[in-house]
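In: Show me the folded form of this:
(chains A, B, C and D)
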Number of protein chains: 2
Amino acid sequence: MGRNKTTIRDIAKALNITASTVSRALNNHPGISEATRKAVEATAKKLHYRPNHIAAALRNGRSNIIGVLVPSADKSIFPSVIRGIEDEVNRLGYSVIVGQTYENSAREAKAIDTMLKTRVDGIIVSIAKDTNVFEHLTRIRAEGIPLVLFDNTVSDLGVSIIKNDDFHGAYLATEHLILGGRKKIVHLIGPRTSEIYRERLRGYTVALSRYGLHADPNLLVDCPSDVQAGQSVVQELINKGVSFDAIFSSSDYAALGAIQQLKANNISVPQEVSIVGFGNAPFTSYLDPAISTVDQNGLQMGQCAARVFLEQIKQGDNYIIRQHILQPQLIIRASSP
Amino acid sequence: MGRNKTTIRDIAKALNITASTVSRALNNHPGISEATRKAVEATAKKLHYRPNHIAAALRNGRSNIIGVLVPSADKSIFPSVIRGIEDEVNRLGYSVIVGQTYENSAREAKAIDTMLKTRVDGIIVSIAKDTNVFEHLTRIRAEGIPLVLFDNTVSDLGVSIIKNDDFHGAYLATEHLILGGRKKIVHLIGPRTSEIYRERLRGYTVALSRYGLHADPNLLVDCPSDVQAGQSVVQELINKGVSFDAIFSSSDYAALGAIQQLKANNISVPQEVSIVGFGNAPFTSYLDPAISTVDQNGLQMGQCAARVFLEQIKQGDNYIIRQHILQPQLIIRASSP
DNA sequence: TTGTATGCGTTATCAT
DNA sequence: ATGATAACGCATACAA
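Out: Residues are numbered from 1 along each chain as shown, chains lettered A, B, ... in the order given. Sure, this is the predicted structure:
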């Protein structure tokens, strides 16, 4: 079956013309006769020619590859984001390289380094929760590579950002619980190293104070974003005898764990304790009771990030730094009627 | 600042040596004095040198990029598979390009074409359900590019395959229902164009006949893999007055829809109708009742595919064609006690 | 409209 | 242990 080793030179040879002409014909340059173009296309097909993107990339300085770096390709909104980005850039002829950080700053730096070596045309990143020094990110910009941050971002890097309005989402969730008559609202705080969770905490706090409730420190609990943590944290609250009538969890997983643990203690949801999660994970709508939550549209976020990136590519050096704050939506379900 | 334009020539110039020496030093070739190696490394760092993978790829004929093609990056087991593959190949220095087919054969062919143009070192594919002609896949092998199929595969292409034993999974699920005393077991059949679903159907059928039950055609229903379809198909069965005491669904989503519709008709699960799904989607364990299902470990599948791929790369032309059949696990939960 | 010449950055081969 | 040279495949500036 002979591997495809056909190059533009082979086509040129077959037609007694030069490689340049073939190149131009293939790329629809102006100033190529219709005849030769047809001929080139015909023999290209006949010889099973396949353009070599690598060679073109070296020559052009553009790889038509973009890097997408996420904590984990199978968690949270990231699958949707990856999908959204791929959807969007694919039609413009870009390929997407996916890297994973596992929320680890060192791996993040290494992945970025690899992408830079691969000469990606741009990088779209959700920063690892672990990361608190940003030299590897600033370097991207310093080298003139478009950089777009989404989801977990930092504001003071001078780069485009797409994020959810976590503050507002948390505010809405908390307000909803307050308006439902709840007064002792626990907040399960996510990792504070991440702006996302600090914003959710802020939304919670501000909502409380707007409604004249003070934030009881006993109701503020740090809690990793997983089911087990939700369980144990709630059990601890119960053991300590802390009294509460609602939980606003910074993650759906912790919210689920909380519900399970409440059930295990024969505390009824939502009658005795209302619950709102965050993230609109697929399972939340299927549960009984279905969990109220704050939706963050991953697909939309990916698409938005991709569009900002594409604009940046197009504009070149004097691109506009965008700050897209996507408005999350409070989804009210049975866990907080 | 200043964009990184440093090449090995710049390093060479700075040290009054040649590019070849620099290249060798950087790549830890034997026959380079420790002194020059140190010197090269030092100035490389000083000049912020970053190797150009694109140039190396052109020169070497290897891009260190592999293509992973899935129906959709955010559905089913694919996020896990992508993660598993990336996990596995990343440490060997490969980057992963993700492409999506949306179960569409034409897009599949196009995505493969793009990957080939990008000169990926190999392609790992879950075939689109839509696909029934395989010329674009055989072409990959014809050009000497390693190809590995997973999940939705075809056996007669002479390439390595990683798949779940869908037959066995379905057999176990059906057997479990039979042993639970059920005799009128509905099967929700997935798209028959896909081998996966044909195998699940076969597992169902064989299990029935082994236990002396005959497959009632009224209980065999074609049903797309989504919640809505599960609902409407079950409603239809009820409307037609078909009598059944269990459902084995070829997908968790249809199983969920089925449960919801049964509840809506005041039919109790699992008392009146037992249910087993397929796929072990995250939500199945969180539901009430939690759905029994057949687990197909996406992460493991991805890792396995990656390893087979890496072996193939390593072996070169005379690689061994692997057929890994991963044994799925029946997970019994409340929906089928 | 087409040809000539050159270089993108790297590495392998052959020489020294 | 290091240098010189060529080549990977393509696309452009310049010439004709």
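
In: so what pLDDT did A:L287 get?
Out: Here the pLDDT value assigned to A:L287 is 85.

In: Leaving out sequence neighbours, find the closest residue to it.
Out: Once flanking residues are discounted, A:L287 sits nearest to B:Y286: 5.5 Å by C-beta to C-beta, 6 or more residues apart in numbering or on different chains. The way it works is simple: take the backbone N, C-alpha and C, and place the C-beta from them, glycine included.

In: So the one you found sits against A:L256, correct?
Out: Yes. With contact defined as C-beta atoms under 8 Å, B:Y286 counts as touching A:L256 (6.1 Å).

In: For the lengthiest helix in chain A, which residues meet the burial criterion?
Out: Scanning chain A for the helix with the most residues, using DSSP state H, yields helix A:298-315. Using 16 or more other C-beta atoms under 10 Å in any protein chain shown as the test for burial, helix A:298-315 gives A:298-310, A:312-313.

In: what's the answer for stretch A:316-334, then?
Out: By neighbour count with 16+ other C-beta under 10 Å, stretch A:316-334 contains the buried residues A:Y319, A:R322, A:H324, A:L326, A:P328, A:L330, A:I331, A:I332, A:R333.

In: Distance across it, terminal residue to terminal residue?
Out: Start and end residues of stretch A:316-334 are separated by 49 Å (C-alpha to C-alpha, to the nearest Å).

In: For A:E88, grab phi and psi.
Out: With angles defined as degrees, to the nearest 10, A:E88 sits at phi -80, psi -40.

In: burial count for it?
Out: As a burial measure, A:E88 scores 20 neighbours (other C-beta atoms under 10 Å in any protein chain shown).

In: where's it relative to chain B, distance?
Out: Distance, A:E88 to chain B, using C-beta to the nearest C-beta, to the nearest Å: 11 Å.

In: Next: A:I11.
Out: Distance from A:I11 to chain B, by C-beta to the nearest C-beta: 16 Å.

In: buried ones in the helix or strand harbouring that residue?
Out: Using DSSP states H and E, the element containing A:I11 is helix A:8-15. Within helix A:8-15, the residues that qualify as buried are A:I8, A:D10, A:I11, A:A12, A:A14, A:L15, counting by 16+ other C-beta under 10 Å.

In: Next, the contact list for the residue lying closest to the first one once chain neighbours are set aside, please.
Out: What that stands for is A:I8. Spatial nearest neighbour of A:I8, excluding adjacent residues (C-beta to C-beta, 6+ apart): A:V22 at 4.3 Å. Listed by C-beta atoms under 8 Å, 6 or more residues apart in numbering or on different chains, the contact set of A:V22 reads A:I8, A:R9, A:I11, A:A12, A:L15, A:V40, A:A44.

In: what about stretch A:86-94 and DNA strand D, any contact?
Out: No. Stretch A:86-94 does not reach DNA strand D (C-beta under 7 Å from any atom of the strand); its nearest approach is 11.9 Å.

In: Quick check: end-to-end length of that stretch?
Out: Length of stretch A:86-94, first residue to last, C-alpha to C-alpha: 8 Å.

In: Can you give the contact residues for that stretch?
Out: With C-beta under 8 Å, 6+ apart as the test, stretch A:86-94 has contacts from A:64-66, A:96, A:121, A:299, A:302-303, A:306-307, A:309-310, B:73, B:98-100.

In: secondary structure class for the residue nearest to A:I8?
Out: Counting by DSSP: H, G, I helix; E, B strand; the rest coil, the backbone at A:V22 sits in helix.

In: can you give me the strands in chain A?
Out: Assigned by DSSP state E, the strands in chain A fall at A:65-70, A:95-100, A:122-125, A:147-150, A:160-164, A:185-189, A:220-222, A:246-249, A:274-276, A:293-295, A:323-326, A:329-331.

In: so which of those strands comes closest to chain B?
Out: Across the strands of chain A, chain B has its closest neighbour in strand A:95-100 (5.0 Å, C-beta to the nearest C-beta).

In: For that closest one, the averaged confidence score.
Out: pLDDT averaged over strand A:95-100 gives 98.

In: ok, residues contacting it?
Out: Strand A:95-100 is contacted from outside by A:64-73, A:82, A:85-86, A:89-90, A:107, A:111-112, A:114-115, A:118, A:120, B:65, B:82-83, B:86-87, B:90, B:95-99, B:114-115, B:118, using C-beta under 8 Å, 6+ apart.

In: same check, this time on stretch A:8-17
Out: Residues outside stretch A:8-17 that contact it (C-beta under 8 Å, 6+ apart): A:18-19, A:21-23, A:26, A:36, A:39-40, A:43-44, A:47, A:49.

In: So it, near DNA strand C or not?
Out: Yes. Using C-beta under 7 Å from any atom of the strand, we find that stretch A:8-17 touches DNA strand C at A:N16, A:I17.

In: that older thread, specify the stretch among the strands of chain A that is closest to B:T293.
Out: For those, distance to B:T293 was read as C-beta to C-beta. The smallest value, 23.5 Å, belongs to strand A:293-295.

In: what packs against that closest one?
Out: Strand A:293-295 sits against helix A:166-179, strand A:329-331, with contacts defined as 3 or more C-beta pairs under 8 Å, 6 or more residues apart in numbering or on different chains; DSSP states H and E.

In: Give me the mean pLDDT for that strand.
Out: Mean pLDDT, strand A:293-295: 97.

In: Centre of the chain to it, how far?
Out: Relative to its chain's centre, strand A:293-295 lies at 16 Å (C-alpha atoms, centre = their mean, to the nearest Å).

In: how close does the closest residue to A:S268 other than its chain neighbours get to chain B?
Out: Closest residue to A:S268 apart from its sequence neighbours, by C-beta to C-beta, 6+ apart: A:L262 at 7.7 Å. As for A:L262, its distance to chain B is 14 Å (criterion: C-beta to the nearest C-beta).

In: Repeat that for A:D216.
Out: Using C-beta to the nearest C-beta, A:D216 is found at 30 Å from chain B.

In: List the contacts of that residue.
Out: By C-beta under 8 Å, 6+ apart, A:D216 lies in contact with A:K184.

In: Please apply the same query to the one 5 residues further on.
Out: With contacts defined as C-beta under 8 Å, 6+ apart, A:V221 is in contact with A:V186, A:H187, A:L188, A:I189, A:V233, A:E236, A:L237.

In: I figured the third one was touching A:F248, is that so?
Out: Yes. Under the criterion of C-beta under 8 Å, A:L188 lies in contact with A:F248, with a separation of 7.4 Å.
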